[in-house]
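need a 3D model of the following:
(one chain, ligands or ions: 1)
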Amino acid sequence: MTCSTGVVVIGGGQAGLAAGYHLRRLGIEHVVLDAQVAPGGAWQHTWDSLHLFSPAAYSSLPGRLMPAQPGQTYPDAQHVVEYLADYEKRYELPVQRGVWVDAVHRDGPCLRVESDAGDWRARAVISATGTWTRPFIPAIPGRREFSGRQLHTVQYKSPVEFAGQRVLVVGGGNSGAQIAADLASVADLSWVTQRPPRYLADDIDGRVLFYAATVRRRALDAGRTDTGGVASLGDIVAVPPVRAARDAGLLPATPMFRRLTTTGVEWVDGTRAEADAIIWCTGFRPALAHFAALRLRGTRGHIATEGTRAVGEPRLHLLGYGDWTGPASATLIGVGRTSRDAAREIAGLLG
Ligand code: FAD
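From the prediction side, this is the model:
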């Protein structure tokens with residue numbers, strides 16, 4: 001049996017496009033299947049005020065620097081969407097849109113990629129499906145009892161709809177801090193975090209994070225002591241709006257509540273607070289359900305990898321998701337290197 005395609009890339013956000021760029025450079029026939037009807041991956045869906053935590057030049061995919069956004073040191077999400085749309089067009093990447101991949105199966109020498117637009121038999125697969133489609137909310141007692149509005153980061157758009165409301169923002173990471181800062185002056189805000197917020201130094205942005213992730217990976221690969229990477233520096237990049245709200249005293253954090261009630265929350269000391277809305281900024285999980293049949297799932301919903309290659313299936317590579325697929329692979333600047341490595345390995349595999 002022959003495979004109909006060289007490589008199927010699943011997901012056409014930044015990671016899928018970076019993969020397409022390197023596959024094209026190496027002359028490897030491929031197709032990129034993306035569920036979205038428009039370019040830009042998850043950046044199309046973020047909240048209105050989101051800005052990158054690095055300047056444009058440090059947020060670039062391979063081959064093409066992201067142009068600066070006039071008047072903005074840190075570009076906004078729309079600028080990223082435009083950059084990705086231009087990138088895809090400039091390199092004539094073979095992206096098929098509006099295609100949802102349901103499953104991947106082993107099929108002799110091929111991997112069969114099943115989608116709502118038909119099947120592909122590929123010699124190798126790159127998965128770059130991100131995390132945005134798998135929002136995570138922790139199991140907290142009373143979650144179903146609460147009669148107010150509950151939403152996750154992925155549903156938050158702007159503070160306007162929360163004006164004057166009692167809002168709890170849950171989560172001490174970047175999304176939690178940024179959404180709390182967004183709401184601080186318009187809503188009656190409580191920012192709830194599991195431990196006191198850990199801000200990175202004000203002069204640290206994505207450039208330093210990329211460096212820290214790289215140093216950590218190199219240390220681990222060389223069998224040296226774990227440097228702790230980005231997590232050792234803190235959890236929250238003090239982007240200008242977060243810094244401004246924090247410095248104005250608008251971002252005090254409250255320790256996590258014990259349970260939800262019908263009208264709000266109960267704190268650990270037994271006292272209660274009312275809330276109109278709870279915004280869960282509690283992270284994401286990798287979108288890997290399409291690999292269920294391959295039985296590759298390891299701990300914490302990850303697939304064990306060596307570099308970008310799945311340990312249990314040498315024809316499969318993973319890009320993005322988190323540092324576990326390579327240093328800073330889930331960032332604009334970091335995925336350039338991991339996608340290059342994946343494409344080179346696949347070139348070797350395909351001979
Ligand atoms: P995505 O952008 O999510 O793209 C994945 C694509 O795959 C999507 O189009 C999706 O629809 C599609 N897909 C998913 N499942 C399937 C399927 N089964 N079949 C077909 N298609 C599928 N990084 C930075 O470098 N700088 C920043 O400032 C920065 N800020 C961030 C802020 C927030 C709030 C978040 C959440 C992340 C941020 N990141 C940042 C991290 C990262 O750059 C983004 O998460 C980015 O969107 C990841 O790109 P991706 O291509 O891996 O995934």
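
contact partners for residue 250?
181, 184, 185, 189 (CB atoms under 8 Å, 6 or more residues apart in numbering). Yep, even glycine has a C-beta here, placed from its N, CA and C like the rest.

just residue 302 next, same as before
By CB under 8 Å, 6+ apart, the residues touching residue 302 are 286, 288, 321, 322, 324.

same check, this time on residue 169
Residue 169 touches 176, 179, 180, 183, 189, 190, 191, 192, 279, 281, counting by CB under 8 Å, 6+ apart.

can we see that at 6 Å?
176, 179, 180, 191, 279 (CB atoms under 6 Å, 6 or more residues apart in numbering).

what's the local residue count around the second one?
When you say that, I think you mean residue 179. The tally of other residues near residue 179 (other CB atoms under 10 Å) stands at 26.

am I right that it is in a strand?
No. Counting by DSSP: H, G, I helix; E, B strand; the rest coil, residue 179 is not found in a strand; it is helix.

ok, residue 119 to residue 103 distance?
Distance of residue 119 to residue 103, computed by CB to CB, to the nearest Å: 10 Å.

so whatever residue of the stretch 201-350 of the chain ends up closest to the ligand: helix, strand or coil?
In the stretch 201-350 of the chain, the residue that lies nearest the ligand is residue 320 (2.7 Å; CB to the nearest ligand atom). Under the three-state scheme (three-state DSSP), residue 320 adopts coil.

repeat that for residue 74.
Assigned by three-state DSSP, the conformation of residue 74 is coil.

identify the bridge partners of residue 111.
Here residue 111 sits in beta bridges with residue 106, residue 122, going by DSSP bridges.

now for it: which residues touch it?
Shown in contact with residue 111 (CB under 6 Å, 6+ apart): 104, 122, 125, 315.

circling back to that earlier point, which one among the contacts of residue 250 gets closest to the ligand?
Out of the contacts of residue 250, the member with the shortest distance to the ligand (by CB to the nearest ligand atom) is residue 181, at 12.8 Å.

isn't that closest one right up against residue 239?
No. Counting by CB atoms under 6 Å, residue 239 is not a contact partner of residue 181; they are 8.5 Å apart.

higher neighbour count, those two?
Ranked by neighbour count (other CB under 10 Å), residue 181 and residue 239 place residue 181 first, with 25 against 21.

which residue packs closest to the more buried one, ignoring adjacent ones?
When the adjacent residues along the chain are set aside, residue 181 lies closest to residue 245, with 3.9 Å between them (CB to CB, 6 or more residues apart in numbering).

doesn't that neighbour belong to a strand?
No. Per three-state DSSP, residue 245 lies outside any strand segment and is helix.

can you give me phi and psi for residue 348?
phi -60, psi -40 (degrees, to the nearest 10).

count the residues that sit near it.
If we define neighbours as other CB under 10 Å, then residue 348 has 8 of them.

what subset of the contacts of residue 111 is buried?
104, 122, 125, 315 (16 or more other CB atoms under 10 Å).

helices - which of those land there?
Secondary structure defined by DSSP state H assigns none of these to helices.

roughly how far does the residue lying closest to residue 324 once chain neighbours are set aside sit from residue 127?
With sequence-adjacent residues excluded and distances taken as CB to CB, 6+ apart, residue 324 is closest to residue 302, at 5.5 Å. The spacing between residue 302 and residue 127, counted by CB to CB, is 12 Å.

now swap in residue 74 and tell me
29 Å.

tell me which of these two has more neighbours.
Between residue 74 and residue 127, residue 127 has the larger neighbour count (other CB under 10 Å), namely 30 against 21.

from memory that one sits against residue 319, does it?
No. Residue 127 lies out of contact with residue 319 (CB under 6 Å); the separation is 7.2 Å.

coming back round to it: columns pLDDT on top of the contacts of residue 250, output as TSV?
Output for the contacts of residue 250, formatted as TSV (pLDDT from 0 to 100):
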residue	pLDDT
181	97
184	96
185	94
189	98
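
list buried residues within those.
Members of the contacts of residue 250 classed as buried by 16+ other CB under 10 Å are 181, 184, 189.

pairing partners for the last one in the sheet, please.
Read it as residue 189. Taking DSSP bridges as the rule, residue 189 bridges to residue 167.

surely it touches residue 183?
Yes. The pair residue 189 / residue 183 is scored as a contact, 5.1 Å apart, by CB under 6 Å.

show me whatever sits in contact with both of the two.
residue 167.

now do residue 54, the pLDDT please.
Here, the pLDDT recorded for residue 54 equals 87.

I'd like to know how far it sits from the ligand.
6 Å (CB to the nearest ligand atom, to the nearest Å).

leaving out chain neighbours, which residue sits closest to residue 175?
Excluding the flanking residues, the one nearest residue 175 by CB to CB, 6+ apart is residue 281, at 4.1 Å.

what sits against that neighbour?
Applying CB under 6 Å, 6+ apart, the residues contacting residue 281 are 153, 171, 175, 176, 179.

what about the nearest residue in space to residue 321 that is not next to it in sequence, how many residues nearby?
Using CB to CB, 6+ apart and skipping the chain neighbours, the partner closest in space to residue 321 is residue 286 (4.4 Å). When neighbours are counted by other CB under 10 Å, residue 286 registers 24.
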